[in-house]
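S.K.: need a structure here:
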Amino acid sequence: MGKPKAKATAPATETSAFETPAAAQDAGHDAAIALVGSNTDPLLLGLVIRANPRHADAILAYLSERHGMALVRLVSEYAAAYTAEHGDATFDPSLTTAADRLASEKGALTQDADGKPVATPDPKEKLPYDKAGGWNGVTICAKLGQNDKLVGTDSDRDRCTFATALAAHVLMGPTACARFLVGYANEHGPRPAKDGTPTMTARQRAAAEMMLTVASAVGAGTATYGDLSWAQEAMHAYLTKDEHGGGRGGTDMIVSSMETYEPLNLRIESVDALLGFGEELAEGQWLMVSLHLKYARNGKSKTGAAKGSTASTTEPPPDYEHQLMLVRQDGKLLIYDSDQPSGQNLWTVEGRLARYLNGPQDEKYFMIQGQVTPKKADKAPT
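M.R.: The predicted structure is shown next:
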């Protein structure tokens, strides 16, 4: 699997706005709250409006009410400038600098860190929507991990945290998934300078644009597996300063305003103990769990030969940290692991957890980071 510190079809282009299924659409004011949140960065808000033209008036009215006309003027200028530069949001990101700034052309990932072939879904395959405006989130998460067939993405080995956070919202349905991506861009964007000047880098602008475009496709019912891989890539790039991926993976916690979080930080050394906490989950709740595998560092190699001797030695592999999720879905306790070479990333826990603690490492344990509970789906996050 490799140590996660944390490749390219473009997101779908058939839609221009974050269009949630009809049954879940908010009225104008609530939509503005859901899309804007507490964000005051005029550049990012301009991107939100560009991606959501049908909510533009409601968003500007909400901003005027909360922050005054000075911010409204700045936001309108950025929205107009981006539209003049790129046209309306019905565009192919592969033809813009957005995809270029998120990709380093490393090539598609075909093997994991141990050299095993990696099975990943066809990025052009449409997600399994149903006729009621929802989708089969279990099917999506089972096939979608942190690895992909896309040529341009470079964070496959590093984005377990981001893949897991996205998967939790995929299970909640397309409306929740789209709202999560828009909220992620809002909630994790850099604060503007005191004079209101945006501080977002070009790479972050590209990531925000990508997330909003994928949210648009998800809400409109046209998204593909490749779109969600692009979303993972953009989420990673949004919080990563390195222009070519890497870093900021590991086991950071990502919790949005759509849910409440109860930190636990419990070290668990047995499967039965972990399952005991999992069994307490209510429908739709999940536990964020990190797996820790460590070798002793005592001057001995893995083979036992002292350092500096003439015997053949092998340094212990690096310590390994990886994020998993235990979730109660449709009455079943499931585990999501985004880094499975088999391509099966979601399954019922029975008989499957013990293998995580059966390796040759000197320390093997889980950390239950915390429990996440979704807020009511019919309320716009504030």
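S.K.: Low-confidence regions, the stretch 1-150 of the chain specifically.
M.R.: 1-28, 31, 34, 37-38, 51, 82-115 (pLDDT under 70).
S.K.: all strands in the stretch 101-250 of the chain, in order from the N-terminus.
M.R.: For the stretch 101-250 of the chain, strands defined by DSSP state E, counting those that start in this stretch do not occur.
S.K.: So, low pLDDT: which residues of the stretch 201-350 of the chain?
M.R.: Low-confidence segments of the stretch 201-350 of the chain, defined by pLDDT under 70: 241-251, 297-315.
S.K.: Nearest spatial neighbour of the residue nearest the centre of the chain, chain-adjacent residues omitted?
M.R.: Most central in the chain under C-alpha atoms, centre = their mean is Phe162, positioned 3.4 Å from the mean C-alpha point. Of all residues not flanking Phe162 in the chain, Met235 sits nearest, at 4.2 Å (C-beta to C-beta, 6 or more residues apart in numbering). Placement of C-beta: from N, CA and C, glycine included.
S.K.: Wait, that neighbour touches Met210, no?
M.R.: No - in this structure, Met235 is not within contact of Met210 by C-beta atoms under 8 Å, at 9.1 Å.
S.K.: Of all the residues in the strand ranked longest in the chain, which ones are buried?
M.R.: Longest strand in the chain, counting residues (DSSP state E): strand 363-374. Buried residues in strand 363-374, counted by 16 or more other C-beta atoms under 10 Å: Lys364, Tyr365, Phe366, Met367, Ile368, Gln369, Gly370, Gln371, Val372, Pro374.
S.K.: for stretch 54-64, same thing?
M.R.: For stretch 54-64, the neighbour count (16+ other C-beta under 10 Å) marks His55, Ala56, Ala58, Ile59, Leu60, Tyr62, Leu63 as buried.
S.K.: Compute the number of surrounding residues for Arg203.
M.R.: Look at Arg203: counted by other C-beta atoms under 10 Å, it has 18 neighbours.
S.K.: That one and Ser229, how far apart?
M.R.: Separation of Arg203 from Ser229 (C-beta to C-beta, to the nearest Å): 18 Å.
S.K.: what do you get for Asp130?
M.R.: 22 Å.
S.K.: cool, Ala202 as well?
M.R.: Here Ala202 is placed at a distance of 22 Å from Ser229 (C-beta to C-beta).
S.K.: who's more crowded, the two?
M.R.: More neighbours surround Ser229 than the other of Ala202 and Ser229, with 31 against 11 (other C-beta under 10 Å).
S.K.: on that earlier part again, wait, the residue nearest to the centre of the chain touches Ile254, no?
M.R.: Yes - with contacts counted by C-beta under 8 Å, Phe162 reaches Ile254, the gap being 7.0 Å.
S.K.: overlap in contacts of the two?
M.R.: Met235 (C-beta atoms under 8 Å, 6 or more residues apart in numbering).
S.K.: quick one: pLDDT of the nearest residue to Val271 once chain neighbours are set aside?
M.R.: Closest residue to Val271 apart from its sequence neighbours, by C-beta to C-beta, 6+ apart: Leu353 at 4.5 Å. With respect to pLDDT, Leu353 scores 87.
S.K.: My guess is Leu353 contacts Leu274. True?
M.R.: Yes - using C-beta under 8 Å, Leu353 is in contact with Leu274, at 6.6 Å.
S.K.: Just the element for Val255, please.
M.R.: Take DSSP states H and E as the rule and Val255 turns out to sit in neither a helix nor a strand.
S.K.: Actually, Ala80.
M.R.: Here Ala80, judged by DSSP H and E, is contained in helix 69-86.
S.K.: Give me the contacts around that helix.
M.R.: For helix 69-86, the external contacting residues (C-beta under 8 Å, 6+ apart) are 40, 42-43, 45-47, 49-50, 56, 60, 63-64, 96, 196, 198.
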